[in-house]
Structure formats: C-alpha cells, structure tokens
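Novice: Quick one, fold the following:
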Amino acid sequence: MYKKLIFILILLFFSNTSIEAQSLENLKAINETWQKFYKAFETLDYTLMADIHAKDLVRISGGQRILDYDTYINNYKIGFQRDKESHQTSEISLRFFERLNTNTTASERGIYKLTRNKGTENEESYYGQFHVIMKKRDDHWKITLDYDSSENGTIGEADYNKAFAIDDFDEFLKN
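Specialist: Residues are numbered from 1 along each chain as shown. Sure thing, here's the model as predicted:
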C-alpha cells in the first residue's frame with residue numbers, strides 16, 4: 001500500500017509539471033506582442049516598442065553593443081521620427097525555427113526580414129537572426145532579452161524562407 005501511495009504521488013508530481021509545457025494558448029498570446037512589434041514598424045510608433053519591452057530589458061546587437069531599455073527605446077523614438085520626416089517606410093516580419101514556452105517564460109528564435117520603402121525603387125530588405133526571451137508580466141508577454149545579428153551578413157532570404165511562419169503553431173506543438 002505504501003509503495004502504491006508513493007507511486008501515485010510521483011505520478012501526480014510529474015503530471016502537474018506538464019501544465020508548464022508548450023501551449024497553443026501561450027503561442028497565441030505571445031503573437032499578440034509580436035503584432036504590436038509589427039505595428040510599431042508599420043506606423044513608426046516608438047510607444048508600441050516601449051510597451052512590449054520590459055523596463056529591465058537587455059538588448060544586444062550582435063557583436064556590437066549592449067543597450068538598456070531607455071537607450072534602446074530612445075533610439076527608436078529618434079529613428080522613427082527621422083523616418084517620418086524623410087517619408088521612409090518600414091515593414092518587419094518574423095519567421096521562427098524555435099519557439100519554447102512555459103506559462104511564465106518564452107524563448108523565441110528565428111529570422112527577421114526588415115523591408116524599407118516597400119514597393120518603391122528604393123526598396124531594400126535586411127535579414128538577421130534573433131533570439132528573444134519573454135516574461136509574462138501582468139498577463140502580458142514582455143521582451144526581457146533581445147539579441148539579433150546578421151551573422152556577418154550571412155543571413156538572407158533562403159534562411160528566412162526555411163523558418164516557420166508566425167502562425168504555424170503545429171510545428172512547435174509537436175513535443
């Protein structure tokens with residue numbers, strides 16, 4: 001009887017840890033943060049960037065520098081204002097090769113594509129690899145660590161196309 005009780009307790013313990021497993025609900029909620037990210041670039045609204053990043057943000061630009069929240073957001077404020085004044089446009093999209101989450105923490109890795117002046121003769125696209133750590137704070141997913149790099153210019157359209165679309169949840173729920 002005692003062994004059965006121990007077995008049941010161990011079974012309950014391990015079954016409760018599965019609550020912290022990858023979930024479709026978390027991926028959809030995380031995508032709400034990414035939609036604000038997209039909107040920030042589309043509208044050149046730095047306040048959306050401020051909203052989705054945590055105040056204790058660590059921002060790393062691959063091999064170049066480490067920034068804090070205030071510096072990072074101020075850079076967007078200045079850059080977006082400059083783009084508005086010069087009539088520049090920006091569109092960003094993300095594709096993923098890793099999406100891991102629990103109910104409180106997420107790790108998102110993939111490829112971004114930033115297109116400037118889409119549909120004009122000055123259109124240019126830039127690619128890079130990113131790794132973001134998010135934390136759930138006050139029922140919203142906030143970016144707490146943001147690292148990206150072009151890997152010395154080696155990331156491109158082929159890498160972007162190999163990764164999975166932002167709404168391709170099935171690939172990340174297989175585990």
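Novice: For the top strand by length along the chain, could you pull out the residues that count as buried?
Specialist: Criterion DSSP state E: the longest strand present in the chain is strand 124-137. Burial within strand 124-137, assessed by neighbour count using 16 or more other CB atoms under 10 Å, is assigned to 127-134, 136. Glycine gets a C-beta too; all of them are placed from N, C-alpha and C.
Novice: Tell me how far stretch 100-111 lies from the chain's centre.
Specialist: 8 Å (CA atoms, centre = their mean, to the nearest Å).
Novice: quick one: contacts of it?
Specialist: Residues external to stretch 100-111 that are found in contact with it (CB atoms under 8 Å, 6 or more residues apart in numbering): 19-23, 26-27, 30, 94-99, 127-136, 141, 155, 159-160, 162-164, 172.
Novice: hmm, back to that, switch the buried residues of strand 124-137 over to CSV; also include distance to Ala40 and pLDDT.
Specialist: Shown next, in CSV, are the buried residues of strand 124-137 (distance: CB to CB, whole Å; pLDDT from 0 to 100):
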residue, distance to Ala40, pLDDT
Tyr127, 19, 97
Gly128, 17, 96
Gln129, 20, 97
Phe130, 15, 98
His131, 19, 98
Val132, 14, 98
Ile133, 19, 98
Met134, 16, 98
Lys136, 20, 97
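Novice: Sweet, I'm off.
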